[in-house]
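*Asks:* for reference, the sequence and a predicted model appear below.
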Amino acid sequence: MNNTDTTAAVRRALLVVFAGIALTVLGTSLDTYAHRPAWRVLAVVGALVQVAGWVLYFRRTRGGAS
């Protein structure tokens, strides 16, 4: 894999991380305002998306589990 592919993969992984952060902040804010359990679920999903993004990022930058 060349450097351009690696850079694009790292950027995609960080995009997933920031999407997870946005979902978490949105879910937490809406839960604070509306007190609905569905918004807590959105916050948890956002946290899981963020974790998945970090896993993708570290697999690309550190070479995976090897």
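*Replies:* Perfect, thanks for sending it. Since we're looking at a predicted model, the values are computed, not measured.

*Asks:* and the residue nearest the centre of the chain, what does it touch?
*Replies:* Residue closest to the average C-alpha location in the chain (C-alpha atoms, centre = their mean): Gln50, at 2.2 Å. The neighbourhood of Gln50, defined by C-beta atoms under 8 Å, 6 or more residues apart in numbering, consists of Val16, Val17, Gly20, Ile21, Leu23, Thr24. Heads up, the C-betas are built off the backbone N, CA and C, glycines and all.

*Asks:* ok, Gly27 - how many residues close by?
*Replies:* 20 (other C-beta atoms under 10 Å).

*Asks:* residue numbering should commence at 54 henceforth.
*Replies:* Shifting the count to begin at 54 puts that one at Gly80.

*Asks:* helix or strand: which one has it?
*Replies:* Secondary structure from DSSP states H and E places Gly80 in helix 56-87.

*Asks:* mind listing what's buried in that helix?
*Replies:* Neighbour counts over helix 56-87 (16 or more other C-beta atoms under 10 Å) mark Ala62, Val63, Ala66, Val69, Val70, Gly73, Leu76, Thr77, Gly80, Thr81, Leu83, Asp84 as buried.
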